[in-house]
Structure formats: structure tokens, C-alpha cells
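> Quick one, structure for this:
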Amino acid sequence: MKYLSRFAMVSMISLSVGFPLFAHAQPLEISASEELIWDQNKGVYEAIGDASAMRGAQSIAAELLQAFYDENSTNQDITRIIATDNVKFTDVDMKGQGAKLDYDVTKNFYELLGPNARIQSKDGTAKAQKRLTYDRGNGIIIAEKQGHITLSDGRILTGDFIEITLTATEEIETVNASGNVYVRQTDGKEAYSQ
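Coordinates of the predicted model:
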């Protein structure tokens with residue numbers, strides 16, 4: 001029998017979900033300061049107010065968080081998380097923030113929407129006004145609309161579309177940019193391209 005469960009408290013409330021997420025066997029902990037809703041008919045957990053989903057080195061936090069699973073499957077694995085309003089995520093060495101996050105768990109793919117979407121790694125920071133994607137499985141970060149990359153050594157690259165490929169250890173391997181490209185080297189030398 002499927003049903004809708006609502007949990008509301010003045011202080012923080014959390015729920016441990018025992019099915020896999022982020023390819024780990026640990027339970028996922030979903031918490032919120034205002035309300036937790038589990039809708040078994042729709043296959044969704046909804047956390048409202050200082051909401052978070054955490055497991056190991058990965059976490060997603062926002063004012064509103066929805067974790068989806070296939071309500072007809074027997075294992076009910078979380079397949080997608082959508083976070084809205086003051087979104088932040090951490091994934092091992094990567095950190096990000098934006099207005100909205102859509103995380104495809106099965107593909108290990110983050111989509112951060114702007115304005116002012118940002119992903120930070122040990123090598124530097126990528127920003128975009130429209131959208132930043134982080135395809136962790138394939139090691140690719142894409143910045144769309146006013147992309148801006150600041151590397152940890154001080155180099156800057158901007159462009160309308162920027163694609164960053166990462167090594168297996170999540171270090172920057174290559175950066176390709178197109179549309180109104182600007183590059184500034186550490187010695188102050190600059191280059192422009194349209």
C-alpha cells in the first residue's frame with residue numbers, strides 16, 4: 001500500500017533512506033528544518049527549509065530538495081535530486097552553487113543553473129550566468145553564457161561557451177572556449193578572439 005507521509009517539526013528533522021545513492025552502500029540522510037514529505041504514489045521525498053541530502057563526501061543543500069525514485073521498482077533507488085533556492089553541493093574535491101541544481105544520480109551528472117552558477121575545484125573556479133554542467137562520469141565541465149574560468153595560478157579565461165576536460169584525478173587537462181574569448185596569463189599578457 002502506498003501513501004503520503006508528512007513530518008513537520010520546529011527543529012531539524014531527518015530521515016535515513018537505506019537504498020543506494022551516489023554508488024555507495026551507506027544510507028542517504030535527508031534532513032530539513034521545516035517539513036519532510038514522502039509521497040510513495042509519486043516516488044518522491046521532499047525536504048523543505050534548510051534541506052540537505054548527504055552521504056559520505058557528497059552532499060546537496062538548498063531551501064527545497066526533492067529526491068526521486070521509481071515508485072514501481074522493488075529497490076526504490078534514488079535516481080534524481082532537484083534542489084532549488086540557495087543551492088550548494090559538494091562532491092569529493094568539487095564544490096558548487098547556483099539558483100537550481102538537477103543531479104542525475106544514474107549518470108553522475110550535475111546541472112547548475114544561474115545566475116552566478118559556480119563550480120570550484122583544487123585547480124580553480126568555473127562560473128556561468130546561464131548554466132554549468134559537471135559530468136563527473138566523463139570528466140567534463142561546461143560553462144554556458146558568460147563563462148569565466150579563474151585558475152589557481154591566476155590565469156583567467158572567459159567566453160560564451162567553455163568546455164573543461166578533467167583527468168581521472170579531477171585535475172584540469174584541457175580548456176576550450178568559443179565566442180568572445182578573453183585570456184589573461186599570469187604575466188599580464190592578454191589575448192582576445194571573437
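
> from here on, contacts and neighbour counts on C-alpha atoms
Fine.

> What residues sit buried inside stretch 145-157?
145-151, 155-157 (16 or more other CA atoms under 10 Å).

> Farthest pair within those?
For those, the farthest-apart pair by CA to CA is K145 and R155; their separation is 19.4 Å.

> how about the helices in this structure?
With DSSP state H as the definition, the chain shows no helices.

> Find the centremost residue of this protein, please.
The chain has Y110 as the residue nearest its centroid, 4.4 Å off, counting by CA atoms, centre = their mean.

> Now that one: closest residue in space that isn't a chain neighbour?
Y103 (4.5 Å; CA to CA, 6 or more residues apart in numbering).

> Also G43?
E71 (4.4 Å).

> dump the residue contacts of the residue lying closest to A128 once chain neighbours are set aside.
Spatial nearest neighbour of A128, chain neighbours left out: G147 (4.4 Å); criterion: CA to CA, 6+ apart. With contact set as CA atoms under 8 Å, 6 or more residues apart in numbering, G147 has these partners: 126-129, 158-162.

> Now, of those, which are buried?
Counted by 16+ other CA under 10 Å, the contacts of G147 give 126-129, 158-162 as buried.

> on that earlier part again, distance check, the residue nearest to the centre of the chain against T125.
16 Å (CA to CA, to the nearest Å).

> now K42
Counting by CA to CA - K42 and T125 are separated by 37 Å.

> Same question for L166.
13 Å.

> And R155, by the same measure?
Distance, R155 to T125, using CA to CA: 11 Å.

> Parallel or antiparallel, list what pairs with the strand ranked longest in the chain.
The longest strand of the chain (DSSP state E) is strand 78-91. Here strand 78-91 is paired, per DSSP bridges, with strand 58-69 (antiparallel), strand 94-104 (antiparallel).

> Redo those as TSV? Include distance to P27, mean pLDDT and mean neighbour count.
Listed next are the strands paired with strand 78-91 as TSV, based on distance: least, CA to CA, whole Å; pLDDT from 0 to 100; neighbours: other CA atoms under 10 Å:
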stretch	distance to P27	mean pLDDT	mean neighbour count
strand 58-69	12	94	22
strand 94-104	18	95	22
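
> Now render the ones you listed as TSV, adding distance to P115.
TSV is the format used below for the strands paired with strand 78-91 (distance: least, CA to CA, whole Å):
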stretch	distance to P115
strand 58-69	15
strand 94-104	7
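
> Nearest to Y134, out of those strands?
The closest of the strands paired with strand 78-91 to Y134 is strand 94-104. By CA to CA, the value is 9.5 Å.

> to the chain's geometric centre, what's the distance from the closest one?
3 Å (CA atoms, centre = their mean, to the nearest Å).

> repeat for stretch 26-39
18 Å.

> For stretch 39-47, buried residues please.
Result for stretch 39-47 [16+ other CA under 10 Å]: buried residues 39-40, 43-47.

> Now intersect those residues with the strands, please.
39, 44-47.

> So what sits opposite K127 in the bridge?
Beta-bridge pairing of K127 under DSSP bridges involves R118, H148.

> what sits against it?
For K127, counting by CA under 8 Å, 6+ apart, the contacting residues are 116-119, 143, 146-149.
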